[in-house]
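Asker: need coordinates for the below:
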Amino acid sequence: MQHLRRFAKEKDVPESVKVAFKNLEIAQKEPLGLLEETKETVKTVAPMTAAELFVVVGSTNAITEQTVTAGLSASIPNPYIVTLPVPLLAPTTIEQAKLWSSVYWPTVYKKSNPFGPHLSLLTRTADEISVDVDRWMTLAKVAAQEAKRSGDGEAVGVVIVERRNGVARPIAVAADARWRDWPLGCGSGNVTAHAAMRAIAMVAEGLKERELRAGLKTPAEMPAIPDIFQDLPASGVERKNYDTTKNEHGYLCFDLEIYCTHEPCVMCSMAIIHSRFGKLVFGKRMRKTGAIVADEDGLGCGLWWRKELNWTMLAWQYVLDPDHDENVSDGDLHA
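Answerer: Just a heads-up that it's a prediction; the model follows:
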């Protein structure tokens with residue numbers, strides 16, 4: 001039950017939890033019975049204080065109250081233990097998590113619903129990005145074409161977009177650069193210079209530049225980055241859309257959107273997931289090498305919305321023409 005907060009302070013638990021503990025406190029202070037005609041036995045317990053923590057121990061069918069008491073007795077004599085109803089499954093929306101937090105116990109929404117994203121969330125977000133998805137996919141294609149013309153890489157492009165208060169703007173554009181400064185005929189090129197990897201590195205590079213401008217670090221304190229990563233903008237479209245003043249989270253791309261001309265490979269897909277992107281849109285589906293969709297005749301991994309991973313994101317394929325096969329590739333290109 002990882003959707004439940006393990007520990008909670010008094011200010012964070014709902015009123016029903018406070019009442020349950022208060023009733024237990026009152027009950028434990030009442031007379032339990034008479035041992036003799038003139039003697040009364042009362043179980044006394046120190047009153048609860050705001051400094052105490054509430055903790056979820058486990059399900060009642062997995063651990064008994066006696067076991068809990070015995071385990072805590074060495075450090076916490078006479079602990080208050082009550083049985084409370086809690087949601088068994090993870091919430092499917094933020095709104096549901098807030099409702100459960102106010103009724104049962106502090107509950108966390110991690111976008112980890114094993115059944116997939118809630119339809120209301122999917123619809124609302126799709127409507128939001130559909131307004132300008134053409135613009136960002138076109139920009140990604142421009143970057144891809146520049147890479148192909150220059151010979152620096154394959155025709156793959158990526159755009160990272162920040163959307164705040166309904167206004168979207170690009171903060172990084174990157175093209176594939178696997179052949180830049182790479183020996184001819186040497187393998188499949190520089191794998192660290194895939195478009196998605198470069199775009200994420202550009203966002204992270206902004207954190208370093210902001211620390212330099214703010215005087216938090218000196219150039220000598222900054223680690224030297226090998227040229228192999230190709231993480232600085234090089235082409236015209238990359239330099240024009242490079243903004244290092246935003247994204248206060250550094251390399252973590254919370255609430256950012258990433259638009260790719262091709263379905264990312266396993267390496268890039270995992271980088272996108274670990275970077276915590278909120279939304280992903282890709283154009284051409286890479287049946288043999290793509291890692292977002294679980295194709296039976298392809299890799300079959302399907303990293304989109306995998307409950308085993310520690311992050312899930314919303315993802316769509318950008319289909320130009322449903323009746324045309326240009327939306328799917330059977331090539332061996334790792335994008």
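Asker: can you map out the helices along this protein?
Answerer: 15-29, 65-72, 94-103, 119-130, 133-150, 195-213, 236-240, 266-274 (DSSP state H).
Asker: what's the closest of these to Val158?
Answerer: helix 195-213 (4.2 Å; C-beta to C-beta). In short, each C-beta sits where N, CA and C put it, glycine included.
Asker: reformat the helices of the chain as JSON lines; add distance to Glu257 and mean pLDDT.
Answerer: As requested, the helices of the chain are exported to JSON lines (distance: least, C-beta to C-beta, whole Å; pLDDT from 0 to 100):
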{"stretch": "helix 15-29", "distance to Glu257": "38", "mean pLDDT": "81"}
{"stretch": "helix 65-72", "distance to Glu257": "46", "mean pLDDT": "85"}
{"stretch": "helix 94-103", "distance to Glu257": "18", "mean pLDDT": "91"}
{"stretch": "helix 119-130", "distance to Glu257": "7", "mean pLDDT": "89"}
{"stretch": "helix 133-150", "distance to Glu257": "8", "mean pLDDT": "96"}
{"stretch": "helix 195-213", "distance to Glu257": "11", "mean pLDDT": "81"}
{"stretch": "helix 236-240", "distance to Glu257": "18", "mean pLDDT": "92"}
{"stretch": "helix 266-274", "distance to Glu257": "11", "mean pLDDT": "95"}
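Asker: out of those, flag the one nearest Phe254.
Answerer: So among the helices of the chain, helix 195-213 is nearest, using C-beta to C-beta, at 11.1 Å.
Asker: before we move on, the earlier item: now distance to Val293 too, for the helices of the chain, in CSV please.
Answerer: CSV is the format used below for the helices of the chain (distance: least, C-beta to C-beta, whole Å):
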stretch, distance to Val293
helix 15-29, 43
helix 65-72, 46
helix 94-103, 26
helix 119-130, 16
helix 133-150, 17
helix 195-213, 16
helix 236-240, 28
helix 266-274, 10
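Asker: so which of these gets nearest Ser59?
Answerer: Across those, closest to Ser59 is helix 65-72 (C-beta to C-beta), at 11.7 Å.
Asker: got the CA coordinates for the closest one in PDB?
Answerer: Only the C-alpha atoms of helix 65-72 are listed here, as PDB (Å, rounded to 0.1, in the frame of the first residue of the first chain):
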ATOM      1  CA  GLU A  65      -2.100  -5.900  17.700                       C
ATOM      2  CA  GLN A  66      -0.300  -8.100  20.200                       C
ATOM      3  CA  THR A  67       2.700  -8.400  17.800                       C
ATOM      4  CA  VAL A  68       2.700  -4.600  17.300                       C
ATOM      5  CA  THR A  69       2.600  -3.900  21.000                       C
ATOM      6  CA  ALA A  70       5.400  -6.400  21.700                       C
ATOM      7  CA  GLY A  71       7.600  -4.900  19.000                       C
ATOM      8  CA  LEU A  72       7.200  -1.400  20.300                       C
END
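Asker: please state the offset of it from the chain centre?
Answerer: Mean C-alpha position of helix 65-72 versus that of the full chain (C-alpha atoms, centre = their mean, to the nearest Å) differs by 36 Å.
Asker: which residue ranges of the protein form strands?
Answerer: Remark: strands assigned in the chain by DSSP state E are 7-9, 31-36, 39-42, 53-55, 157-164, 167-175, 256-262, 279-286, 314-317, 328-329.
Asker: quick one: closest of those strands to Ala271.
Answerer: Going by C-beta to C-beta, the one of the strands of the chain nearest Ala271 is strand 256-262, 10.1 Å.
Asker: check which helices and strands the closest one sits against.
Answerer: helix 133-150, strand 157-164, helix 195-213, strand 279-286 (3 or more C-beta pairs under 8 Å, 6 or more residues apart in numbering; DSSP states H and E).
Asker: Thr192 reaches Cys268, doesn't it?
Answerer: No. Assessed by C-beta atoms under 8 Å, Thr192 is found out of contact with Cys268, at 10.5 Å.
Asker: between those two, which is the more surrounded one?
Answerer: Between Thr192 and Cys268, counting by other C-beta atoms under 10 Å, Cys268 is the more crowded of the two (28 against 16).
Asker: what about the closest residue to Tyr109 other than its chain neighbours, neighbour count?
Answerer: Nearest residue to Tyr109, sequence neighbours excluded (C-beta to C-beta, 6 or more residues apart in numbering): Ala97, at 3.8 Å. Ala97: 19 surrounding residues under other C-beta under 10 Å.
Asker: go on, Met137?
Answerer: For Met137, the count of nearby residues is 20 (other C-beta under 10 Å).
Asker: one step back: dump the helices and strands packed on strand 256-262 to JSON lines, plus distance to Arg239.
Answerer: Output for the helices and strands packed on strand 256-262, formatted as JSON lines (distance: least, C-beta to C-beta, whole Å):
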{"stretch": "helix 133-150", "distance to Arg239": "11"}
{"stretch": "strand 157-164", "distance to Arg239": "14"}
{"stretch": "helix 195-213", "distance to Arg239": "11"}
{"stretch": "strand 279-286", "distance to Arg239": "23"}
